[in-house]
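A.B. asks: got a predicted model here, sequence first, then my questions.
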Amino acid sequence: MKTTSLLRAVLLLLVVSSLGAWAWKNWRTPPVAAPASASVPDEGVVVINFHGALRCPTCLRIGALSKSVVDTEFALEASQGRVSWMAIDFEEPGNVHYREDYDLSSSNVVVLRRSAGRDLGWSRLDEVWSLNDDEPAFRAYVQAAVGEALRVR
């Protein structure tokens, strides 16, 4: 009887200490340095996937498809420094100003035209949400927005 009680106590202690270690590892707040604001290139057309810290499958798909359009359809312009791609977490402390700068209420893609470190114009591509399940239409939409930004320069 004593052996069974002792064994139960040891197993219970093992389970409790394992749960405690798991909770410590997953729920403690690690020391985090304040992130610097993400800076966009001073020149050219910049395609930015703004997102939050938590990204749903649709957000991830929108980012991946948008990047794919830049990488494939604008490879020459990217190699010349005329087009660039970025992904920015607008929830990080140094990046929260982007919400107001580009009127963001959720994850989205923004196409900027920049010169001498200033925005000349920008387009928020709201239709990426409704087109994310139609890849050809999505790609055409993003490609048209980037192409228009290049032509306006």
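C.D. replies: All right, it came through fine. Numbering: from 1, shown residues only.

A.B. asks: contacting residues around residue 88?
C.D. replies: 38, 48, 49, 50, 51, 95, 98 (C-beta atoms under 8 Å, 6 or more residues apart in numbering). (Glycine included, C-beta is placed from N, CA and C.)

A.B. asks: partners of the residue nearest to residue 41 when sequence neighbours are not counted in the sheet?
C.D. replies: Spatial nearest neighbour of residue 41, chain neighbours left out: residue 84 (5.2 Å); criterion: C-beta to C-beta, 6 or more residues apart in numbering. Assessed by DSSP bridges, residue 84 has beta-bridge partners residue 46.

A.B. asks: low-confidence ranges, this protein, go.
C.D. replies: In the predicted model of the chain, residues 1, 19-37, 153 satisfy pLDDT under 70.

A.B. asks: could you redo the last one with a cut-off of 80?
C.D. replies: 1-3, 6-7, 9-39, 152-153 (pLDDT under 80).

A.B. asks: what about the most centrally placed residue in it, distance to residue 108?
C.D. replies: By C-alpha atoms, centre = their mean, the mean C-alpha position of the chain lies nearest to residue 51, the distance being 3.8 Å. Per C-beta to C-beta, to the nearest Å, residue 51 is found 8 Å from residue 108.

A.B. asks: re the thing from before, show me the contacts of residue 88 that map onto helices.
C.D. replies: Among the contacts of residue 88, DSSP state H puts residue 98 in helices.

A.B. asks: output the helix or strand encompassing residue 144 in CSV, but only the C-alpha positions, please.
C.D. replies: Assigned by DSSP states H and E, residue 144 falls within helix 135-152. Taking Å, rounded to 0.1, in the frame of the first residue of the first chain, the C-alpha atoms of helix 135-152 are listed here in CSV:
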residue,chain,number,x,y,z
GLU,A,135,-5.0,33.3,-58.4
PRO,A,136,-5.0,34.5,-62.0
ALA,A,137,-7.2,37.4,-61.1
PHE,A,138,-5.2,38.1,-58.0
ARG,A,139,-1.9,38.1,-60.0
ALA,A,140,-3.4,40.4,-62.7
TYR,A,141,-4.7,42.8,-60.1
VAL,A,142,-1.3,43.1,-58.3
GLN,A,143,0.6,43.2,-61.6
ALA,A,144,-1.6,46.1,-62.9
ALA,A,145,-1.1,48.1,-59.7
VAL,A,146,2.7,47.7,-59.7
GLY,A,147,2.8,48.4,-63.5
GLU,A,148,0.7,51.5,-63.1
ALA,A,149,3.1,52.8,-60.3
LEU,A,150,6.0,52.2,-62.6
ARG,A,151,4.4,54.1,-65.5
VAL,A,152,3.5,57.1,-63.3
